[in-house]
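[1] Predicted model and sequence below, questions to follow.
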Amino acid sequence: MEILNEKAVSDSTRELELYFGPQHQGMVGNFSITLKVEGDRIKEATANPGYLHRGFEKLMEYRNWIQNFPLVCRVNVIEPGSMEMVYSRGVERLAGIEVPERAKYVRSIYLELSRAASHLFGLWAYSNMLGFDTVSNWAMYHRDLILDLFEELTGGRVYHIYIWPGGVRRDFPESFPDRIRETLHEIGGKVPDYNNTFFNNRIFHDRAKGIGTINRAEARNMGGTGQVLRATGMKYDIRKVEPYGAYDEVPWDVPTREDGDAYSRIMVVRDELIESVHMIFKLLDRLPEGSVYNRPANPFKWKIPAGESYVRLESSRGELGLYLVSDGGNRPYRVHFRTPSYPHGLTVLEEALKGESISDVGNIMMSLYVTAPEIDR
Amino acid sequence: MLNEIGKQIEQSFAGVSAETGGEYRLKVEADKESVLSILGFLKNHSYDHLALISCVDRIEAGQLELVYLLNSYMESDDRYGEREKGTIILKTTVSREDPEIGTAIHVFQNAEPYERELHEMFGIDFDGHPRQIPLFLEKDYAIPPFRKDFDTRDYVEKELESIPAVED
């Protein structure tokens, strides 16, 4: 951290301006915060995004519908699956493309795997920031096991472009569901160890309880979704609110906590990870037979009817939306992603940091589950 | 549910048209003077979640179309109803030459970064916004970069070709 500006407020206190990030253990990627502190208390925080602004939404206006997938994936580097899904659904809604029943299940399984991988990545980042090296290494290893599944399924480990308008690109390989089950059993078998070493650990409790508290009224007024809202007890989850894929076909529950602090948010992440794993087992048991792709005409010659659509889904971080406008041509006229980190990282973060200690900045930011590329786009 | 809200808006405000578009979507078009009061009205009628403020450059019409997307938070903690499924798409237009509209921050706190971004990318002036300073970009552009007459390829060619190659 670097001291930028020093101003004597009175004889006993002085106000400092500190620059936090982008190079810092407690910082999520390319993002920074300017803090105004007195002693070690934060008086005011200003978020500085823009390090990763690549102007994707403008670039997408120059490429045809199918060519945009490589850009769409990279909006959220950590969980590209939900980005593919939201863009595919936007195009499907505009063009009136139907998805076969089996593809809905395959999509949901793939998205839940994606969510699990993303939560493990988040757990890596959070535990690493608190100094739990063992736990962070486990989490990274378990995420890697899921990436192995993605590699077998799609050929890519991080960016897959698996979901596209009309379904998914290819069906599961032979006995792939068994390998998913095997991997999930391996991860699930480690949950007691995660609990003993991290979630029930006194150090985690002491560091996270009562830190960065956002109550429900504040969360609602600031457009909070995802863990920020569920940590205050509201079961707001787009998979339930406006179901898509096969999420209304199997029983599952939305985990919540009550206190709205960093501890509650991270515990919601843990519970969601477990719930996702259970859900994948249920979806695999009910996986119907049939085709996974309704082949539309040559994608490079698509002309999508003029109009606009707004679709939303639950990514691992909260509500992910897409406002898509077509003028009837072979390229989008306007694309705008509503990413969950945008309100969380700009509005909620600035509010949550007020009055907290400098040593908790990383803690609060990681528990808000902010990812920088999603903000900048 | 959405139909009723649409009718209520049409009755309460002048010059407003509301129509349902597709599944669980309500499109409302209003003039820029009444947009803020409609936002307040919708917030009090349970559409209290501002999901996004977006903008579309309608260059042929010489107008910028501002789009407010509103959803509804849950009424009870664990029951899912029809209301939460709905999205209201509230639209208004401002002129491209002199785009100006009042800020919505006093209705929804999270309007702040959205409006800041639209000011930067489309050059819209939000009256009463406390910090209309750059959010993502580093320098000023003659044309706001997300407008349709800003040619990204042309800009890249001019900018990058002025940087000498390593071999030279």
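    Received, thanks.

[2] Run through the residues that contact the nearest residue to B:Arg96 once chain neighbours are set aside.
    What sits nearest to B:Arg96 in space, not counting adjacent residues and going by CB to CB, 6 or more residues apart in numbering or on different chains, is B:Gly62, at 5.2 Å. The C-beta positions use only the backbone N, C-alpha and C, and glycine is treated the same way. Taking CB atoms under 8 Å, 6 or more residues apart in numbering or on different chains, we find B:Gly62 in contact with B:95-97.

[3] With A:Arg286 instead?
    A:Arg286 sits next to A:105, A:246, A:249-250 when contact means CB under 8 Å, 6+ apart.

[4] where does it fall, phi/psi-wise?
    Note on A:Arg286: backbone dihedrals following degrees, to the nearest 10 are phi -100, psi 0.

[5] any idea how far A:Pro177 is from it?
    From A:Arg286 across to A:Pro177, the span is 11 Å (CB to CB, to the nearest Å).

[6] Equivalent analysis for A:Asn48, please.
    Distance from A:Asn48 to A:Pro177, by CB to CB: 45 Å.

[7] any chance you could read off phi and psi for B:Glu100?
    Dihedral pair for B:Glu100: phi -150, psi 140, per degrees, to the nearest 10.

[8] Surely B:Leu118 and B:Ile124 touch.
    Yes - at 5.0 Å, B:Leu118 counts as touching B:Ile124 under the criterion of CB atoms under 8 Å.

[9] Between the two, tell me which one has more neighbours.
    B:Leu118 (25 against 22; other CB atoms under 10 Å in any protein chain shown).

[10] contacting residues around the more buried one?
    By CB under 8 Å, 6+ apart, the residues touching B:Leu118 are B:53-55, B:66, B:124, B:126.

[11] what ranges do the strands span in chain B?
    B:17-20, B:25-29, B:49-58, B:63-71, B:87-95, B:100-102, B:125-127 (DSSP state E).

[12] Check the stretch 201-350 of chain A too.
    For the stretch 201-350 of chain A, the strands defined by DSSP state E, counting those that start in this stretch occupy A:307-315, A:318-326, A:332-338.

[13] Not counting its neighbours along the chain, what's nearest A:Arg115?
    Closest residue to A:Arg115 apart from its sequence neighbours, by CB to CB, 6+ apart: A:Ser316 at 4.6 Å.

[14] Name the helix or strand for A:Arg115, please.
    Using DSSP states H and E, A:Arg115 sits within helix A:101-130.

[15] Out of the strands of the stretch 201-350 of chain A, which is closest to chain B?
    Nearest to chain B among those is strand A:332-338; the distance by CB to the nearest CB comes to 4.0 Å.

[16] other SSEs contacting the closest one?
    When contacts are defined as 3 or more CB pairs under 8 Å, 6 or more residues apart in numbering or on different chains; DSSP states H and E, strand A:332-338 sits against helix A:56-59, strand A:318-326, strand B:49-58.

[17] Dump those to TSV, plus distance to A:Gly155, mean neighbour count and mean pLDDT.
    Output for the helices and strands packed on strand A:332-338, formatted as TSV (distance: least, CB to CB, whole Å; neighbours: other CB atoms under 10 Å in any protein chain shown; pLDDT from 0 to 100):
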stretch	distance to A:Gly155	mean neighbour count	mean pLDDT
helix A:56-59	23	17	90
strand A:318-326	25	25	92
strand B:49-58	33	23	91
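
[18] A:Asp261: which of those is closest?
    strand A:318-326 (17.2 Å; CB to CB).

[19] That closest one close to chain B?
    Yes - using CB under 8 Å from any CB of the partner chain, strand A:318-326 reaches chain B at A:319, A:321, A:323, A:325.

[20] which other helices and strands contact that strand?
    Strand A:318-326 packs on helix A:80-95, helix A:226-230, strand A:307-315, strand A:332-338, strand B:49-58, strand B:63-71, going by 3+ CB pairs under 8 Å, 6+ apart.

[21] Return the list of strands paired to the fourth one, each annotated with direction.
    Sheet neighbours of strand A:332-338, with direction, are listed as strand A:318-326 (antiparallel) (DSSP bridges).

[22] ok, now which ones touch A:Met83?
    A:Met83 makes contact with A:72-73, A:75-76, A:315, A:320, A:337, according to CB under 8 Å, 6+ apart.

[23] that older thread, so which of the strands of chain B gets nearest chain A?
    Closest to chain A of the strands of chain B is strand B:49-58 (CB to the nearest CB; 4.0 Å).

[24] Check A:Gly26 and give its pLDDT.
    pLDDT for A:Gly26: 67.

[25] how close does the residue of the stretch 151-300 of chain A found nearest chain B get to A:Ala139?
    Using CB to the nearest CB, A:Gly223 is the residue of the stretch 151-300 of chain A that sits closest to chain B, at 3.5 Å. The spacing between A:Gly223 and A:Ala139, counted by CB to CB, is 29 Å.

[26] interface residues of chain B facing chain A?
    Contact residues, chain B versus chain A (CB under 8 Å from any CB): B:22, B:24-25, B:48-52, B:54, B:56-57, B:67, B:69, B:71, B:73-74, B:77-78, B:80, B:84-85, B:87, B:89, B:108-110, B:112-114, B:134-138, B:145-146, B:150, B:152-153.

[27] Pull the number of nearby residues for the closest residue to B:Glu115 other than its chain neighbours.
    Spatial nearest neighbour of B:Glu115, excluding adjacent residues (CB to CB, 6+ apart): B:Phe126 at 4.5 Å. Other residues within reach of B:Phe126, judged by other CB under 10 Å, total 23.

[28] Would you map the helices across chain B?
    B:2-12, B:35-44, B:111-122, B:152-161 (DSSP state H).

[29] typo on my end, the stretch 251-377 of chain A
    A:262-286, A:341-343, A:349-353, A:361-367, A:372-376 (DSSP state H, counting those that start in this stretch).

[30] Run a quick neighbour tally on A:Pro299.
    A:Pro299, neighbours per other CB under 10 Å, totals 16.

[31] isn't it right next to A:Asn68, touching?
    No - counting by CB under 8 Å, A:Pro299 does not reach A:Asn68; the two are 10.9 Å apart.

[32] OK, now which residue of chain B is nearest to chain A?
    Nearest to chain A in chain B, going by CB to the nearest CB, is B:Asn110, at a distance of 3.5 Å.

[33] Contacts only, for the closest residue to that residue other than its chain neighbours.
    Setting aside the residues directly before and after it, B:Asn110 is nearest to A:Gly223 in space (CB to CB, 6+ apart), at 3.5 Å. Neighbouring residues of A:Gly223 by CB under 8 Å, 6+ apart: A:343, A:347, B:49-51, B:108-110.

[34] just for the chain, where's the confidence low?
    I'll assume chain A. A:1-13, A:25-26 (pLDDT under 70).

[35] wrong one, I was asking about chain B
    Checking chain B against pLDDT under 70 turns up B:22, B:77, B:168.

[36] what's the domain layout of chain A?
    The record, using automatic domain parsing to delimit domains, assigns chain A the ranges A:2-48, A:56-376.

[37] Any idea how far the first one is from the middle of the chain?
    Between the mean C-alpha point of domain A:2-48 and the mean C-alpha point of its chain there is a distance of 27 Å (CA atoms, centre = their mean, to the nearest Å).

[38] now do stretch B:112-131
    With CA atoms, centre = their mean, you get 10 Å for stretch B:112-131.

[39] Could you tell me the end-to-end distance of that stretch?
    Using CA to CA, to the nearest Å, one end of stretch B:112-131 lies 9 Å from the other.

[40] What of stretch A:125-137?
    10 Å.

[41] Other residues contacting that stretch?
    By CB under 8 Å, 6+ apart, stretch A:125-137 touches A:25-26, A:28, A:123-124, A:139, A:194, A:197-198, A:201, A:203-204, A:207, A:266, A:362-363, A:366-367.
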